[in-house]
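In: coords please:
(chains A and B)
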Amino acid sequence: MANIAVVLHGPNDLRVESIPVPEIKDNEVLLSMSSVGICGSDLKYWKYGKCGKFSLEKPMIMGHEGSGKVVKVGSGVKHLKIGDRVAIEPGVSCGVCRLCKTGRYNLCPRIFFCATPPDDGNLCRLYKHSAQFCFRLPDHVTDDEGAMLEPLAVAVYSCRKGKVGLGTKLLICGAGPVGILTLMVAKQNGATTVVITDIDETRLALAKSLGADFTIRVSSEKPEQLATNISEILGDHPDVTIECSGTNFGFSTGIYATLPGGCLVMVGRVPGDAEFPLNLAFTKEIDITGVFRYANCYPTALELVSKGVVDVKPLISHRFSLPDSVKAFETASSHDTKAVKVIIECGQN
Amino acid sequence: MANPTVILKKQGEIVIEDCPIPEPKPGEVLLQMQDVGICGSDVHYWQHGRIGDFVVKAPMVLGHEASGVVSKVGEGVSNLKVGDRVAIEPGVPCHTCKNCKIGRYNLCPDMKFCSTPPVHGNLAKFYTHAADFCFKLPDNVSTEEGAFLEPLSVGVHACRRAGVSLGSRVLVCGAGPIGLVNLMTAKANGASEVCITDIDEKRLEMAKAVGADYTVLVKSRDGQEVARQIEEVMGQKPEITIECSGAPPSIQTAIYATESGGCVVLVGLGPADVTLPIVNASVREVDIRGIFRYVNCYPTALAMIASGKVNVKPLITHRFKLQDSVKAFETVAKGEGIKVMIHCA
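Out: Numbering: from 1, shown residues only, chains lettered A, B, ... in the order given. Model (predicted):
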């Protein structure tokens, strides 16, 4: 089978090219890729050639939210066989450093991560990966759902970091895919009231249909005012805020809104170039905790989808084939398309 | 002999034989062994041929409390170089299973632990080990202290599982080497008062010398009676009890003695089934937690010794050369001393 991949050469220079079929090591599997989702970080690399502290130095294969089918199994692999469909956790950690050994492998300094420079991603036909980071999908879980486990894992991790539990009153800033998945996971964690904010009415409507108790459309008010509105609607201050908008505004709102002693989970990456009421956060003893990807969340994410308690399918708004990947990226980044999650199908048909 | 190795041939029979000097695999180092301490479990395998489900079915190299000097570095090793003196954490897990990934590698089902059958130990002149489980000793830490990091790690793990912190009032049951490291670690964690019990007056004297605030000589098997004694001596019940003897009357005492809402950590292992005043523990919300070896404790144990926060040297009471290993084991079996060490270099 020939191998083609979607390769980013520089800002706005995405090409579909031929690449070699990879050779697998003893602990790896070769996968025929099925569904790969596009993430906001992928769009940043495409538009700017960088994302956060990572910069594109050489051509890189895109894609990190993927699922595939096992076509070859390394000699040391016991838990997977040819034909198994798997969800691919894109971060492969070293396993031996102090961070890995204490269970925080997402912070491993030597981690390999799909489509974070300089590591190649899995938006291609044939891809190899560590078998220990591939999770077998039961028959009734689709390839698309398998690919969605990646952003769902972010939602699982964020709720864990925020200690969202039974009876939690939760504020989510931002109703994009991550905000909405966080909403659904929070409900499964036992959160009894979830209020979600966004500037986009369509996104809020989707959030409402997927379980939000309250939605608030943000326009021109200041964060402090929005926080007051939230308390009025909730009847209380939220115990936990999970910031998924990536805006200075969302961060500030979280500080003003959260109950003293509560927790503010920073998922979105804020520009950071504004004044923040930090002393207020400190005197309120709000724990501000960061999120970097996830660790030990794929099994839980798979459980949620497999048992049917979280339905990720409504978030998939557009679908393209691998050769049309550039169109897929354009769709994902355009506001007019109202895209939520764009999936690229990598199989040959 | 090029590589004299101390082997438990079968229950009751320890021999010293020459073995080939191993080659370090990728990720491993070859160590010239320095000091190896003897643990109660080593003696138990020698005398009984098994501990629980771990059965000696074939000759097994003994030793797991050890230090060495790096003499060869395997492919891919970047944290160590030839000449480095290291403490050896004896258990190497698979790194990839769920337990390993969540940071509880001590519970890895594929754990390879020195001198737990069928895995060979490190009581030899030369031995290879995973480099990421070898911890470089600073100049001020001796190789004997390096070997002592193993039992000290048990103390670190038990205190962590128990939640010992600043101001804790702790009861340690049993003043053998493990009771003593738990006492010292509890103090290092900021415990304000530590009471220690034992049936042996001499052991209690050593405990006093290394920092016990109170000692109780146990003369009764009645758990409630001993618990009352402890409460009287301490002026109030301890919040945390670390049970290090494994003796059922002592485990019962541990539960009765602990304050409501407190925690009992079981370190000592005795019979598999023990009668416990479980309802007493339950209705007073006294948590009972076990430990299995230790996890992510070696760096802490090393820091404790390197910084001078604990001094384990007084606990090393007997020293033997490798060729006199049988005598060393006999000394431990007789209950003499606290920590017996074998020098392999």
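
In: Return the distance of stretch B:239-247 from the chain's centre.
Out: Averaging C-alpha positions (C-alpha atoms, centre = their mean, to the nearest Å) puts stretch B:239-247 14 Å from its chain's average.

In: cool, and stretch B:44-52?
Out: On C-alpha atoms, centre = their mean, the centre of stretch B:44-52 falls 17 Å from that of its chain.

In: Could you tell me the end-to-end distance of it?
Out: 11 Å (C-alpha to C-alpha, to the nearest Å).

In: Over to stretch B:183-192?
Out: Note: stretch B:183-192 ends 11 Å apart using C-alpha to C-alpha.

In: can you list contacts of it?
Out: In this structure, residues lying in contact with stretch B:183-192 by C-beta atoms under 8 Å, 6 or more residues apart in numbering or on different chains are B:152, B:155-156, B:158-159, B:164-170, B:172, B:175, B:194, B:196, B:207, B:210-212, B:240, B:242, B:304, B:309-310, B:312. For the C-beta atoms, the positions are set from N, CA and C on the backbone; glycine is no exception.

In: Any idea how many residues pack against the residue of chain A at minimum distance from chain B?
Out: Nearest to chain B in chain A, going by C-beta to the nearest C-beta, is A:G103, at a distance of 2.5 Å. Number of residues near A:G103 (other C-beta atoms under 10 Å in any protein chain shown) recorded here: 18.

In: Repeat that for the one 5 residues further on.
Out: By the criterion of other C-beta under 10 Å, A:C108 has 21 neighbours.

In: which residue of chain B sits farthest from its center?
Out: Farthest-out residue of chain B from its mean C-alpha position, per C-alpha atoms, centre = their mean: B:V283, at 31.8 Å.

In: mind checking pLDDT for it?
Out: pLDDT recorded at B:V283 is 96.

In: What distance do you get for it to chain A?
Out: 24 Å (C-beta to the nearest C-beta, to the nearest Å).

In: what does B:S41 give?
Out: Between B:S41 and chain A the computed distance is 23 Å (C-beta to the nearest C-beta).

In: Show me what counts as buried in the host helix or strand of that residue.
Out: Applying DSSP states H and E as the criterion places B:S41 in helix B:40-48. Neighbour counts over helix B:40-48 (16 or more other C-beta atoms under 10 Å in any protein chain shown) mark B:40-46 as buried.

In: Ok, stretch A:255-267 next?
Out: For stretch A:255-267, using 16+ other C-beta under 10 Å, the buried residues are A:255-259, A:262-267.

In: mind putting these in TSV, distance to A:A227 included?
Out: Output for the buried residues of stretch A:255-267, formatted as TSV (distance: C-beta to C-beta, whole Å):
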residue	distance to A:A227
A:I255	8
A:Y256	3
A:A257	4
A:T258	8
A:L259	11
A:G262	12
A:C263	15
A:L264	12
A:V265	16
A:M266	16
A:V267	19
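
In: low-confidence ranges in the chain?
Out: All of this refers to chain A. For chain A, the stretches with pLDDT under 70 are A:1, A:349.

In: So which residues on it come close to chain B?
Out: Within chain A, the positions adjacent to chain B are A:27, A:95-98, A:100-105, A:132, A:295-296, A:299 by C-beta under 8 Å from any C-beta of the partner chain.

In: Now restrict these to buried residues only.
Out: Neighbour-count burial (16+ other C-beta under 10 Å) applied to the residues of chain A next to chain B gives A:95-97, A:100-101, A:103-105, A:132, A:295-296.

In: closest point of the stretch 1-150 of chain B to chain A, which residue?
Out: Counting by C-beta to the nearest C-beta, the stretch 1-150 of chain B gets nearest chain A through B:G103, at 2.5 Å.

In: what's the neighbour count on that residue?
Out: The burial count for B:G103: 18, using other C-beta under 10 Å.

In: List the contacts of it.
Out: Neighbouring residues of B:G103 by C-beta under 8 Å, 6+ apart: A:101-104, B:295-296.

In: if you set the cut-off to 7 Å instead, what comes out?
Out: Contact partners of B:G103, counting by C-beta atoms under 7 Å, 6 or more residues apart in numbering or on different chains, are A:101-103, B:296.

In: so can I have TSV of these showing distance to A:G66 and secondary structure?
Out: Output for the contacts of B:G103, formatted as TSV (distance: C-beta to C-beta, whole Å; DSSP: H, G, I helix; E, B strand; the rest coil):
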residue	distance to A:G66	secondary structure
A:K101	27	helix
A:T102	28	coil
A:G103	24	coil
B:N296	32	coil
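
In: For A:S306, see how far away the closest residue to chain A within the stretch 201-345 of chain B is.
Out: Chain A sits closest to B:N296 of the stretch 201-345 of chain B, with a gap of 5.3 Å, by C-beta to the nearest C-beta. Between B:N296 and A:S306 the distance is 32 Å, computed by C-beta to C-beta, to the nearest Å.

In: and if you look at A:G49?
Out: According to C-beta to C-beta, A:G49 stands 38 Å off from A:S306.

In: hang on, B:I240 packs against B:S168?
Out: Yes: assessed by C-beta atoms under 7 Å, B:I240 is found in contact with B:S168 at 5.6 Å.

In: The two: who's more crowded?
Out: Neighbour totals were compared for B:I240 and B:S168, and B:I240 leads with 26 against 22 (other C-beta under 10 Å).

In: Next up, the contacts around that one.
Out: Taking C-beta under 7 Å, 6+ apart as the test, what B:I240 contacts is B:162-164, B:168, B:170, B:262-263.

In: Among these, which one lies nearest to chain A?
Out: Distances from chain A to these, taken by C-beta to the nearest C-beta, are shortest for B:G163, at 17.5 Å.

In: Regarding B:V194, what is its secondary structure?
Out: With DSSP: H, G, I helix; E, B strand; the rest coil as the basis, B:V194 sits in strand.

In: which ones are touching residue 148?
Out: Going with chain A. A:37, A:312.

In: try again with chain B
Out: By C-beta under 7 Å, 6+ apart, the contact set of B:F148 is B:37, B:312, B:339.

In: got the angle between the helix or strand where it lies and helix B:40-48?
Out: Here B:F148, judged by DSSP H and E, is contained in helix B:143-162. Here helix B:143-162 runs at an angle of 100 degrees relative to helix B:40-48 (axes from the mean of the first three to the mean of the last three C-alpha atoms, to 10 degrees).

In: hey, where'd the strands end up in the stretch 151-300 of chain B?
Out: Taking DSSP state E, counting those that start in this stretch, the strands of the stretch 151-300 of chain B run over residues B:169-173, B:193-198, B:214-217, B:240-243, B:263-266, B:287-290.

In: Let's verify the residue of the stretch 1-150 of chain B closest to chain A: helix, strand, or coil?
Out: Per three-state DSSP, B:G103 ends up coil.

In: Grab the nearest non-local neighbour of residue 61.
Out: Chain wasn't specified; assuming chain A. A:D120 (3.8 Å; C-beta to C-beta, 6 or more residues apart in numbering or on different chains).

In: The intended chain is chain B.
Out: Distances taken as C-beta to C-beta, 6+ apart place B:H120 nearest to B:V61, at 3.8 Å, with adjacent residues excluded.

In: Touching, that neighbour and B:A58? I think so.
Out: No: in this structure, B:H120 is not within contact of B:A58 by C-beta under 7 Å, at 10.0 Å.

In: Assess the claim that A:P117 and A:E57 are in contact.
Out: Yes: taking contacts as C-beta under 7 Å, A:P117 lies within contact range of A:E57: 5.9 Å.

In: Wait, A:C244 touches A:L170, no?
Out: No: using C-beta under 7 Å, A:C244 is not in contact with A:L170; the gap is 11.4 Å.
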